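A.B. asks: Sequence first, then the predicted structure, then my questions.
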Amino acid sequence: VLDARFRTIADHALQDLLDAQIVALIASAEPDQAGNLIPRLQDAESQLATPGSGLYAGVQQADGEVIWRSPSATGSLESFGPPQAPGVRSFHALQDARGQSLAAVSHGVEWEGEAGGAQRLTFSVAASLEGRDAQIRDFRRGLLGGFALLTAGLLVALAMLLRWALQPLRRLPRQTRQAEAGG
């Protein structure tokens, strides 16, 4: 039960991280010279700017064509999944080029341009599950160690309790012999 609860909490934390990244990407998006809406990364040292960092982002049009991908996704992730309709958010699993599992969130938006034309775009963020899986393994190891200590402590306490509770029965043969001899 504790393991399942911890896994649920870790999954929710990952979803919250991905949701926050999506909001940041949408908030930083500006049109480029071609009129495509692309995010502007503010921090050049962020995980999205570091190739192979385990955090990837991309923007694709309604037809599925990727118009922007974070530097971290270069050579690591080709597709972020299918485009989403405006207002639709999906949480799904992906695999990177090395076969590692990723959790991804895609959010569809409709962007009104300055010329009045609307663009349907899907903003996507994907994160490696390595960190979450390592946390779950560490938690399980700690849980196993804690339960092993608790079990050992309970067995010692049970042995001491049985020794104390059965002490009158160990005196019974001696008292019986004394009664027969002194009788």
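C.D. replies: Alright, I've got the coordinates.
A.B. asks: Assign a three-state SS to residue 91, would you?
C.D. replies: Secondary structure assignment for residue 91 (DSSP: H, G, I helix; E, B strand; the rest coil): strand.
A.B. asks: Begin at 23 from now on, thanks
C.D. replies: With 23 as the first residue, the last one maps to residue 113.
A.B. asks: need the contact list for it.
C.D. replies: Contacts were defined as CB atoms under 8 Å, 6 or more residues apart in numbering; by that measure residue 113 touches 37, 40, 125, 126, 127. Bear in mind the C-beta positions are built from the backbone N, C-alpha and C, glycine included.
A.B. asks: Check the second one and give its pLDDT.
C.D. replies: Model confidence at residue 40, given as pLDDT, is 91.
A.B. asks: Neighbours of residue 157, how many?
C.D. replies: Neighbours of residue 157 under the rule other CB atoms under 10 Å: 16.
A.B. asks: Please identify the helix or strand for it.
C.D. replies: Assigned by DSSP states H and E, residue 157 belongs to helix 152-187.
A.B. asks: returning to that earlier point: among the contacts of residue 113, which are located in helices?
C.D. replies: In this view, the contacts of residue 113 that belong to helices under DSSP state H are 37, 40.
A.B. asks: from the contacts of residue 113, which two are the most distant?
C.D. replies: Using CB to CB, the pair of these lying farthest apart is 37 and 126, separated by 10.5 Å.
A.B. asks: Between those two, which is the more surrounded one?
C.D. replies: Remark: of residue 37 and residue 126, residue 126 carries more neighbours, 21 against 14, as counted by other CB under 10 Å.
A.B. asks: which residues sit in contact with the more buried one?
C.D. replies: 40, 102, 103, 113, 114, 115, 116, 146, 147, 148, 149.
A.B. asks: Shouldn't the third one be within a helix?
C.D. replies: This means residue 103. No - assessed with three-state DSSP, residue 103 is coil; it does not lie in a helix.
A.B. asks: you'd agree it is up against residue 128?
C.D. replies: Yes - using CB atoms under 8 Å, residue 103 is in contact with residue 128, at 5.5 Å.
A.B. asks: so how far is the helix or strand bottoming out on mean pLDDT in the chain from its chain's centroid?
C.D. replies: Here the helix or strand of the chain ranked lowest by mean pLDDT, DSSP states H and E is strand 59-61, holding a mean of 78. Offset of strand 59-61 from its chain centre (CA atoms, centre = their mean, to the nearest Å): 27 Å.
A.B. asks: and if you look at stretch 28-38?
C.D. replies: Taking mean C-alpha positions (CA atoms, centre = their mean), stretch 28-38 and its chain are 5 Å apart.
A.B. asks: List the buried residues for it?
C.D. replies: Neighbour counts over stretch 28-38 (16 or more other CB atoms under 10 Å) mark 29, 32, 36 as buried.
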